[in-house]
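**Q** have a look at this prediction, sequence included:
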Amino acid sequence: MGEARKEPGRAAAARQAGFETRAIHAGQRPDPYTGARAVPIFQTTSYVFEDTATAAAYFNLQEYGNTYSRIMNPTVAVFEERVASLEGGAGAVAFASGLAAQSAALFTILQPGDHVVSSSALYGGTVTQLNHLSRKLSFELTFIDPDDLDAWRGAVRKNTKVFFAETIGNPGGNVLDIEAVAKIAHEHELPLMIDSTFATPYLCRPIEWGADIVTHSATKFIGGHGTSIGGVAVEAGTFNWSNGRFPVVADPSPAYHGLAFHETFGVYGYLMKLRAESLRDLGGALSPFNAFLFLQGLETLPLRMRRHVENALAIARYLETRPEVTGVRHPGLPTSRYRPLVEKYLPLGAGSIFAFDLAGGRDAGVRFIEALSLWSHLANVGDAKSLVIHPASTTHRQLGEEALAAAGIGPGTIRLSVGLETVDDLIADLEAGLCAAGAAA
Amino acid sequence: MTPAAGDFACALPSPPGQGDAADTNPYQDTDAIRRILHTARTIAIVGLSPNELRASNFVGFYLQRHGYHVVPVNPREKVILGQKSYPSLADVPGPIDVVDVFRAPDAVPAIAREAIAAGAKALWLQYNVISPEGARIATEAGLDVVMDRCMKVEHARHLGRMHWLGFNTGRVTSRRETTI
């Protein structure tokens, strides 16, 4: 209680901390009890209340306090604030996975009968999620070509509530014109939600270009170690949820005695609702231990992303020179149609996940994969280890050629997630694969 | 006493509805905000609502919990948050350190003059209470002025537990703090 009257010491420096500094420090204050320099892992389900009045203040959202780790946890909170700081948002809420973050962020905005406009160039798991959610929760869904600005504009209906896209699409490497799409969304008083997993806040910060909600699968580059599943949703805090289109965000909440989240909490209204209602109800909370591991990852995010980008570009250039390769879909190559958008939105590099196409179709793809010994054949991306997958023989095995083509996948398409190994070793292994692929072609 | 951290500020988002005002708003100085939060004892809240669901009530409740003496200024009420409510600042007996305003911007210049007359040391204008004229009047009389910021949020950012809920406090510090 005496804290309010404690004299300030040295005046706070009005200095803007840089990205690298925030990647290491944002969200954490050294533990006041022990002085622990590392972020402690608060592996606890619940928290002892000081007294009944304080407990009531926590449950009424009148005071910032810990009640139950499904809703908040001090280790998870460090991770949340750090990502919010790196993305330039008002705050963040962490989830058990990237898909949990996406579904909760949408759940907060939508109700039955609403409409979502989404890019069609998405991670396959997201396409499946949106399709299933739209049927189960009775909202309408329109997939459009994200490169076509008129398609965004033309898809808006009276009941549209959100635009959704990825910074860097998959597997075509589409780069979103974030500023232009955000402008169209805002002209219609709609928020723009972006999955920026492939870019990370080091390479692109969509909020700076007008996006309102940014989600990540922290499983990927944020962790960088491939040990933990997790996700996070950041909100800019600048969207006017009280514009009349969003009764589920703005109207009084029966669960909190009629509290109107946006009116009462302003900048923090959506985030409070995302945490106190959506996370509470859907329950996909991030474990404190996983949050701790993600924090270890974030400390080196800038260094790792620079090397990821460098290795990926070197490999893309190498692949372009190979006769077994018919096309390389890396948006950072001078030949890419997305090059101007990369220069604008991804000046430090277009990430390290991209696809290329082998001559010789499915059989060549299978021979390529089986000849590799350093690249890991698995279904993940954004690891320190280099990863490879041949969608036509694995994730998209059930699809015929036509359905594959609709997903932007050819029979010989290979997707790479370039890691941090010695680039010459990676290229030597790819060369073995290409020789095997080409042998019978 | 532990010296307060020489915090590095991070970019903070602007509240909705004010466009570019935040970029040109000189009344969000971190030093002034911390000075007010550390030194204030009595805070008169003009426009404090008795409705527990209103933002002003959340702010008054929170500031009371954190040891400040909150004085309601609302002519329509007798008691708010357990404290006698006064019709105007002029009616408040005893010293006032901060006048915290939850009123429409056009009411602010008059409130600023009353705050000066009451001997207040600071004028604090909540989110979207944007009155350059009111701010100028108070500044010229030597008051600290904060505009378009929430006193609860700023307390929670600098002294409280805002970081427990994943909000971007904009603070970077390696100092060990004695309070939580």
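**A** Received the coordinates, thanks.

**Q** for B:Asn74, grab phi and psi.
**A** Main-chain torsions, B:Asn74, degrees, to the nearest 10: phi -160, psi 110.

**Q** so it sits against B:Gly47, correct?
**A** Yes - using Cβ atoms under 8 Å, B:Asn74 is in contact with B:Gly47, at 6.6 Å. From N, CA and C alone the C-beta is placed, and that goes for glycine too.

**Q** tell me the pLDDT at residue 157?
**A** No chain was given, so I picked chain A. Among the per-residue scores, A:Arg157 shows a pLDDT of 98.

**Q** you answered for a different chain; I wanted chain B.
**A** 93.

**Q** lowest mean pLDDT among the helices and strands, pick that one out for chain B.
**A** Averaged element by element with mean pLDDT, DSSP states H and E, chain B has its least confident helix or strand at strand B:8-9 (a mean of 44).

**Q** so what's the most centrally placed residue in chain B up against?
**A** Centroid-nearest residue in chain B, with Cα atoms, centre = their mean: B:Met151, separated by 3.5 Å. By Cβ atoms under 8 Å, 6 or more residues apart in numbering or on different chains, B:Met151 lies in contact with B:Leu37, B:Ile43, B:Val59, B:Leu63, B:Val98, B:Asp100, B:Trp124, B:Gln126.

**Q** of those residues, closest to chain A?
**A** B:Leu37 (6.8 Å; Cβ to the nearest Cβ).

**Q** show me where chain B dips below the pLDDT cut-off.
**A** B:1-24, B:178-180 (pLDDT under 70).

**Q** longest helix in chain A, by residue count?
**A** For chain A, the helix that runs over the most residues, judged by DSSP state H, is helix A:301-320.

**Q** pretty sure A:Val83 is touching A:Ser217, no?
**A** No - counting by Cβ under 8 Å, A:Val83 does not reach A:Ser217; the two are 11.9 Å apart.

**Q** if we can go back for a sec, next one: the longest helix of chain A to chain centre, how far?
**A** Offset of helix A:301-320 from its chain centre (Cα atoms, centre = their mean, to the nearest Å): 20 Å.

**Q** which strands and helices lie in contact with whichever helix or strand comes after that helix?
**A** Downstream of helix A:301-320, the first helix or strand assigned by DSSP states H and E is strand A:325-329. With contacts taken as 3 or more Cβ pairs under 8 Å, 6 or more residues apart in numbering or on different chains; DSSP states H and E, strand A:325-329 sits against helix A:301-320, strand A:353-358.

**Q** chain B is nearest to which of those?
**A** helix A:301-320 (15.3 Å).

**Q** quick check: angle from that closest one to strand A:325-329?
**A** In terms of direction (axes from the mean of the first three to the mean of the last three Cα atoms, to 10 degrees), helix A:301-320 departs from strand A:325-329 by 150 degrees.

**Q** and helix A:301-320, is it in reach of chain B?
**A** No - using Cβ under 8 Å from any Cβ of the partner chain, helix A:301-320 never reaches chain B; the gap is at least 15.3 Å.

**Q** the stretch 301-441 of chain A: helices as residue ranges?
**A** Assigned by DSSP state H, counting those that start in this stretch, the helices in the stretch 301-441 of chain A fall at A:301-320, A:339-345, A:361-371, A:401-406, A:423-439.

**Q** and the longest one, which residues are buried?
**A** Spelled out, it's helix A:301-320. Neighbour-count burial for helix A:301-320 flags A:301-302, A:304-305, A:307-309, A:311-313, A:315-316, A:318-319 (criterion: 16 or more other Cβ atoms under 10 Å in any protein chain shown).

**Q** same check on stretch A:349-368?
**A** Neighbour-count burial for stretch A:349-368 flags A:349-358, A:360-368 (criterion: 16+ other Cβ under 10 Å).

**Q** how far does it stretch from start to finish?
**A** End-to-end distance for stretch A:349-368, by Cα to Cα, to the nearest Å: 27 Å.
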